[in-house]
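**Q** here are the coordinates; sequence isn't available:
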């Protein structure tokens, strides 16, 4: 169980998971997190269903580039892409 408003297990903050054993809550772990592992390439990008629709709002990327398919258009983008001219994208 997650003590979070995240929309996907992969966007739950580390330390926000509640783990139970036979109905008893275990101590929180600062190491427990759900990860989305995959090829992460332009040829094999993540689907938003794999990342979580709130991924780019909740996950703070530093230098890692994430390739993904736009659910609205089916176009492939990466997280370091600039917005299209004219405010689109």
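**A** The structure has been received and is ready for your questions. All figures in this text were calculated on a predicted structure; none of them were measured in a lab.
**Q** does residue 57 belong to a helix, a strand or coil?
**A** helix (DSSP: H, G, I helix; E, B strand; the rest coil).
**Q** show me the shaky parts of the chain.
**A** 62, 81-89 (pLDDT under 70).
**Q** please enumerate the helices of it.
**A** Here the chain has its helices, by DSSP state H, at 48-51, 55-58.
**Q** in the last one, what counts as buried?
**A** Put plainly, it is helix 55-58. Across helix 55-58, burial judged by 16 or more other C-beta atoms under 10 Å covers 55, 58. All C-beta atoms are positioned from the backbone trio N, CA, C, and that covers glycine.
**Q** also the first one?
**A** With burial defined by 16+ other C-beta under 10 Å, the residues of helix 48-51 counted as buried are 48, 51.
**Q** contacts for it?
**A** 8, 10, 11, 36, 38, 55, 66, 68, 69, 70, 71 (C-beta atoms under 8 Å, 6 or more residues apart in numbering).
**Q** measure how buried the residue lying closest to residue 15 once chain neighbours are set aside is and give me the count.
**A** Counting by C-beta to C-beta, 6 or more residues apart in numbering, residue 15 lies nearest to residue 30, which is 5.1 Å off, once chain neighbours are set aside. Residue 30 has 7 neighbouring residues, counting by other C-beta atoms under 10 Å.
**Q** residue 16 is in contact with residue 30, correct?
**A** No - the pair residue 30 / residue 16 is not scored as a contact, 10.4 Å apart, by C-beta atoms under 8 Å.
**Q** from residue 22, how far out is the residue nearest to residue 15?
**A** Distance, residue 30 to residue 22, by C-beta to C-beta, to the nearest Å: 23 Å.
**Q** for residue 2, same thing?
**A** Going from residue 2 to residue 22 by C-beta to C-beta gives 20 Å.
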